[in-house]
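In: based on what follows, work out the 3D shape:
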Amino acid sequence: MIEVAIVSGKGGSGKTTLASSLAFLLNEEKIKIVVADADVDTPSLHFLLQLKEVISNLNVNFSRKASLEESLCSKCMKCVYACQFSAITITGNFPKIDKYLCEGCGACKIVCPSSAIKIEETTTGKLTVGVSKYGFPFVTAQLELGEHNSGALVDTVRSKAREIAAKNGADLILIDGAPGIGCPVTSTLVGVSYAIIVTEPTPASEDGAKRVLEVAKHFGIKSGFVVNKANISNYREHIVSALEEQGSEYLGDIPLDFSVVRALSEGRPVVEYDSVASRAMRKVFFRIKEVALKL
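Out: As a prediction, the model looks like this:
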């Protein structure tokens with residue numbers, strides 16, 4: 001099973017724009033795919049691929065939170081001083097637990113002499129499985145407000161995508177990763193077949209691309225990069241040279257094209273339109289097939 005992850009190292013580089021178009025083109029060529037959105041903090045790929053059918057919405061419970069039973073509380077306030085996350089304050093002579101600050105470490109429960117505190121499982125996020133309007137399976141998730149364990153939720157998204165791919169006999173899983181290099185990105189990259197890095201011809205985007213490339217190299221993952229909005233500055237040649245020197249393979253350019261804005265505003269992959277950007281994306285797609293997909 002081929003798994004391809006699209007990452008960027010920073011937000012706003014065009015990662016999801018490219019991911020939606022690659023999914024469209026793969027499906028257009030009758031390649032059986034499952035698409036997964038691993039940006040669980042702010043998932044957005046479903047806006048472009050549009051779910052025509054939601055098969056399931058399931059709560060995922062990895063998180064733990066402290067809760068207080070006031071009738072048992074002796075008001076000793078030991079829990080307040082034990083909490084290293086400032087999640088417990090004193091309100092009306094009782095400890096009050098802020099669920100958004102609580103990390104579920106259990107220190108408060110250990111020091112409580114009256115067993116008034118419990119550590120309970122709570123919802124980390126919601127896992128959604130559906131079918132895009134183009135007919136291929138789609139898996140996404142949304143982290144609960146203020147929750148952590150985003151890496152674990154990404155792993156759940158990928159596990160569900162693999163399960164569906166095995167059941168359907170899919171050729172490939174396409175994963176749209178989160179920006180940056182934090183836990184969601186690590187969970188996105190580990191174990192994939194190939195990483196596509198989307199960058200722009202700017203110093204900030206170069207720094208982000210280099211950071212995520214180091215993560216990919218740490219896991220022994222081959223990668224290639226696409227320069228989006230390649231014609232907005234004279235920095236393009238520098239960034240191509242810099243990333244090639246770091247061991248990533250150049251896959252192509254996508255020029256600045258305001259038809260992209262039109263496509264995104266209409267909730268469609270860019271390659272549904274005939275434009276400068278869409279033609280460039282098709283060239284990138286065929287290059288990716290050649291070097292990464294082996295299809």
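
In: residue 282 in helix, strand or coil?
Out: For residue 282, the assignment made with DSSP: H, G, I helix; E, B strand; the rest coil gives helix.

In: right, and residue 225 touches residue 243 too?
Out: Yes. Counting by CB atoms under 8 Å, residue 225 touches residue 243, with 5.1 Å between them. Yep, even glycine has a C-beta here, placed from its N, CA and C like the rest.

In: overlap in contacts, the two.
Out: 197, 199, 209, 213, 250 (CB atoms under 8 Å, 6 or more residues apart in numbering).

In: show the buried residues in these.
Out: 197, 199, 209, 213 (16 or more other CB atoms under 10 Å).

In: could I get the shared contacts of residue 225 and residue 243 in a markdown table, plus columns for pLDDT?
Out: Shown next, in a markdown table, are these (pLDDT from 0 to 100):
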| residue | pLDDT |
| --- | --- |
| 197 | 98 |
| 199 | 97 |
| 209 | 96 |
| 213 | 97 |
| 250 | 97 |
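
In: can you tell me which of those lies closest to residue 229?
Out: residue 199 (9.6 Å; CB to CB).

In: kindly state the domain boundaries assigned to the chain.
Out: Here the domain parsing of the chain from automatic domain parsing is 2-61+125-293, 63-122.

In: which of these sits most buried?
Out: domain 2-61+125-293 (a mean of 19; mean count of other CB atoms under 10 Å).

In: remind me, longest helix of the protein?
Out: helix 150-168 (DSSP state H).

In: helix or strand next in line after that one, which one?
Out: The helix or strand immediately downstream of helix 150-168 is strand 172-176, counting by DSSP states H and E.

In: just the CA trace of that following strand, in PDB.
Out: Only the C-alpha atoms of strand 172-176 are listed here, as PDB (Å, rounded to 0.1, in the frame of the first residue of the first chain):
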ATOM      1  CA  LEU A 172      -3.000   4.600  -2.500                       C
ATOM      2  CA  ILE A 173      -3.700   6.700   0.600                       C
ATOM      3  CA  LEU A 174      -3.200  10.400   0.100                       C
ATOM      4  CA  ILE A 175      -2.700  12.400   3.400                       C
ATOM      5  CA  ASP A 176      -3.000  16.100   3.700                       C
END
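
In: lovely, talk soon.
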